[in-house]
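Enquirer: Okay, here's the prediction I keep looking at, along with the sequence it came from:
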There are 2 protein chains.
Amino acid sequence: MKNYSKYPKYYVAVDCVIFGYDIRKKLLKLLLVKRNIDPGKGSWSLAGGFVKEKESLDDAAARILRKLTGISTVLLIQSRTYGDTDRDPGARVISTSYYALTGTSEINHELVKDNGAHWRSVEDLPKLVFDHSKMVNQALHDLQNLLKTKPVGFELLPEKFTLVQLQELYEAILQVKVDKRNFRKKILSMDILEKLEEKEKQTSKKGAWYYTFKKERYDKLSMNGFSFNLDVS
Amino acid sequence: MKNYSKYPKYYVAVDCVIFGYDIRKKLLKLLLVKRNIDPGKGSWSLAGGFVKEKESLDDAAARILRKLTGISTVLLIQSRTYGDTDRDPGARVISTSYYALTGTSEINHELVKDNGAHWRSVEDLPKLVFDHSKMVNQALHDLQNLLKTKPVGFELLPEKFTLVQLQELYEAILQVKVDKRNFRKKILSMDILEKLEEKEKQTSKKGAWYYTFKKERYDKLSMNGFSFNLDVS
DNA sequence: CCAAAAGTGTTTTCTCTACACCCATGT
DNA sequence: ACATGGGTGTAGAGAAAACACTTTTGG
């Protein structure tokens, strides 16, 4: 429009930090792709793309996530916007990073493979293109904070999970050791988990009870001033 | 550059949520301007502007803050990026909001006046243009979180302040009532304040001791694992 | 001398932490 | 019968919350 026309325009992109959790190896993973466009073609990169004319930033992030994994209903949270002049040597590009929490079960693994994407442990990441490593660090930090104050750990686990698995997830992401009894006491006292009449029997002879997250119960409690807190030591 | 040329470009802006604290009235204030460009010319608005070719987003926010207030050394923190397609009816504009904490004393009030800016209490804001009200709400939320976990309250107070004033600031921003004895116990036990040999005598006959924030002391403690916490009830 | 705001400790409650043994079952 | 991982309770320390009176001094 006329009024703005003397001002410059820039490319606007989004980049997705896609977190997944490997329940067997107890590792937080990240979905990376090989960049298919210059500059930096062939480098490891976050899944990203330019924002289209008729889509919001949020929609662009959702589209990129969907295209790569087939998932559409996950937590997808805006993290930070990166706007240094020389962050992309190809041109001035402003990029907003989002992070996603994906239960690995909902993922379309064929699609992931076809897109040339790979899961990598966050503790063993390759060099990433541009400022993508900064994006990962920031997103990881955001995730750690979120995990302490919102019940989002369940997003990274299957529908049914054991308390041991939940604890291991907290230990893996927050990088701490947690006391088993204290952890169970805290999480169970919140009354947001439901114990099922079914056991997980792969990892032990005795078997461990499955639980599910009672979302409606949590929502109701939240409305009455309850706030989730699991600032584990 | 060649490779990106098939993708669209957009205007990129920043908007500043400039917080100030009125120590006498015990109110958190916000610096607003009248928008001088269509669309929305004449509406109340945050201080904002387009990002120039050779400046980062952070630099753009700092420039806008400086132009309006004369201040250059304040906390200026990125909040969130707003990218809905129709947020600005004039054109597609992606805008990143920043919030600033300003001690009202450092402000060049002449400059503020010349720019047609006005301080308004956050509890009594006019309708703002576009999605600027959302920006304010988000920034206020961010500020409240920050205040609990980082010693930033001092940024909004003069160099010398009394414990009563500090407590009132917390009460005003977090919207809670705080027990005087518990508040003092907590903040003093952190050993990050220095008591001066001077009293504030305007507001009472007895007078209240002035304190200053010991920044170096806080930095040293932080390095040794101390973390500020004032999650007052 | 009195009004107005500043300053000060103690008790109780709750939350956090540390810690070690029994249970169930498949092989 | 035994090895493997799952599950459980309690006591002590420390932090948070509740609570009311004394001090100072300008007018």
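Expert: Ah, there it is.

Enquirer: Show me where chain A has its helices.
Expert: With helices called from DSSP state H, chain A shows them at A:57-69, A:109-114, A:132-149, A:163-174, A:180-189, A:215-223.

Enquirer: Okay, now the unreliable bits of chain A?
Expert: Regions of chain A meeting the criterion pLDDT under 70 cover residues A:1-2.

Enquirer: Within range of chain B, give me the residues from it.
Expert: Within chain A, the residues that sit near chain B (CB under 8 Å from any CB of the partner chain) are A:1, A:3-4, A:7-12, A:37-39, A:50-58, A:60, A:78, A:80-85, A:90-94, A:96. Where you see a C-beta, it was placed from the backbone N, CA and C, and this is true even at glycine.

Enquirer: Identify whichever of the helices of chain A lies nearest to residue B:128.
Expert: Smallest distance to residue B:128 across these (CB to CB): 20.4 Å, for helix A:57-69.

Enquirer: Residue A:44 touches residue A:117, doesn't it?
Expert: No: in this structure residue A:44 lies outside contact range of residue A:117 using CB atoms under 8 Å: 10.4 Å.

Enquirer: re the thing from before, quick one: closest of the helices of chain A to residue A:25.
Expert: helix A:163-174 (9.1 Å).

Enquirer: so how far is the biggest strand by length in chain A off the chain centroid?
Expert: Assignment by DSSP state E gives strand A:9-22 as the longest strand of chain A. Centre-to-centre, strand A:9-22 and its host chain are 11 Å apart (CA atoms, centre = their mean, to the nearest Å).

Enquirer: Contact partners for the closest residue to residue A:138 other than its chain neighbours?
Expert: Of all residues not flanking residue A:138 in the chain, residue A:80 sits nearest, at 5.3 Å (CB to CB, 6 or more residues apart in numbering or on different chains). Applying CB atoms under 8 Å, 6 or more residues apart in numbering or on different chains, one finds that residue A:80 lies in contact with A:96-97, A:135, A:138, B:78.

Enquirer: so which pair among these is furthest apart in space?
Expert: Every pair of these checked by CB to CB; the farthest is A:135 and B:78, at 13.4 Å.

Enquirer: which of the two has more neighbours?
Expert: Taking neighbours as other CB atoms under 10 Å in any protein chain shown, residue A:135 and residue B:78 compare with residue A:135 leading, 24 against 18.

Enquirer: If we ignore the residues flanking it in sequence, what's nearest the more buried one?
Expert: residue A:97 (4.3 Å).

Enquirer: Can you tell me how far that neighbour is from residue A:145?
Expert: 15 Å (CB to CB, to the nearest Å).

Enquirer: How much space separates the closest residue to residue A:71 other than its chain neighbours from residue B:82?
Expert: Counting by CB to CB, 6+ apart, residue A:71 lies nearest to residue A:106, which is 5.3 Å off, once chain neighbours are set aside. Distance, residue A:106 to residue B:82, by CB to CB: 29 Å.

Enquirer: Counting neighbours, go ahead and name the busier of the two.
Expert: Taking other CB under 10 Å, residue A:106 and residue B:82 do not tie; residue B:82 has more neighbours (24 against 13).

Enquirer: so who does that one touch?
Expert: Contacts of residue B:82 by CB under 8 Å, 6+ apart are A:57, B:94-97, B:131, B:134-135.

Enquirer: rerun at 6 Å
Expert: With contact set as CB atoms under 6 Å, 6 or more residues apart in numbering or on different chains, residue B:82 has these partners: B:95, B:131.

Enquirer: cool, residue A:204 as well?
Expert: Residue A:204 neighbours (CB under 6 Å, 6+ apart): none.

Enquirer: can you tell me how far it sits from DNA strand C?
Expert: Per CB to the nearest atom of the strand, to the nearest Å, residue A:204 is found 7 Å from DNA strand C.

Enquirer: near DNA strand D, which residues of chain A?
Expert: Residues of chain A lying close to DNA strand D (CB under 7 Å from any atom of the strand) are A:162-164, A:180-182, A:184-185, A:203-209.

Enquirer: Relative to residue A:139, how far out is the residue nearest to residue A:71?
Expert: Distance of residue A:106 to residue A:139, computed by CB to CB: 20 Å.

Enquirer: ditto for residue A:175
Expert: 15 Å.

Enquirer: Which one's more surrounded, those two?
Expert: It is residue A:139, of residue A:175 and residue A:139, that has more neighbours when counted by other CB under 10 Å, with 25 against 12.

Enquirer: List the contacts of the closest residue in space to residue A:218 that isn't next to it in sequence.
Expert: Take residue A:218 and drop its neighbours on the chain: the residue closest to it by CB to CB, 6+ apart is residue A:192, 4.6 Å away. Residues near residue A:192 by CB under 6 Å, 6+ apart: A:214, A:217-218.

Enquirer: ok, now with 8 Å
Expert: Residue A:192 touches A:151, A:213-214, A:217-218, A:221, A:228, counting by CB under 8 Å, 6+ apart.

Enquirer: Run through the bridge partners of the closest residue to residue A:128 other than its chain neighbours.
Expert: Nearest residue to residue A:128 in three dimensions, chain neighbours excluded: residue A:44, at 5.3 Å (CB to CB, 6+ apart). When bridges are called by DSSP bridges, residue A:44 pairs up with residue A:34, residue A:128.

Enquirer: what about residue A:44, neighbour count?
Expert: Residues contacting residue A:44 under the criterion other CB under 10 Å number 18.

Enquirer: Kindly report the same for residue A:16.
Expert: Other residues near residue A:16 number 27, with proximity taken as other CB under 10 Å.

Enquirer: Assess the claim that it and residue A:61 are in contact.
Expert: Yes: look at residue A:16 against residue A:61 with CB under 8 Å: they come within range, at 5.8 Å.

Enquirer: mind giving me the domain split of chain A?
Expert: The record's domain parsing of chain A by automatic domain parsing lists A:10-149, A:157-223.

Enquirer: circling back: ok, now how distant is the residue nearest to residue A:128 from DNA strand C?
Expert: According to CB to the nearest atom of the strand, residue A:44 and DNA strand C sit 38 Å apart.

Enquirer: now residue A:62
Expert: Distance from residue A:62 to DNA strand C, by CB to the nearest atom of the strand: 36 Å.

Enquirer: quick one on the thing from earlier: save the helices of chain A as CSV, and put in distance to residue B:126 too.
Expert: Output for the helices of chain A, formatted as CSV (distance: least, CB to CB, whole Å):
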stretch, distance to residue B:126
helix A:57-69, 27
helix A:109-114, 49
helix A:132-149, 33
helix A:163-174, 43
helix A:180-189, 45
helix A:215-223, 30
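
Enquirer: Figure out which of those helices is closest to residue B:26.
Expert: Across these, residue B:26 has its closest neighbour in helix A:132-149 (28.7 Å, CB to CB).

Enquirer: helices or strands next to that closest one in the packing?
Expert: Packing partners of helix A:132-149 (3 or more CB pairs under 8 Å, 6 or more residues apart in numbering or on different chains; DSSP states H and E): strand A:9-22, strand A:75-82, strand A:93-102, helix A:163-174.

Enquirer: give me that answer again for 6 Å
Expert: Packing contacts for helix A:132-149, counted by 3 or more CB pairs under 6 Å, 6 or more residues apart in numbering or on different chains; DSSP states H and E, involve strand A:9-22, strand A:75-82.

Enquirer: on that earlier part again, deepest in the core, which of the domains of chain A is it.
Expert: domain A:10-149 (a mean of 18; mean count of other CB atoms under 10 Å in any protein chain shown).
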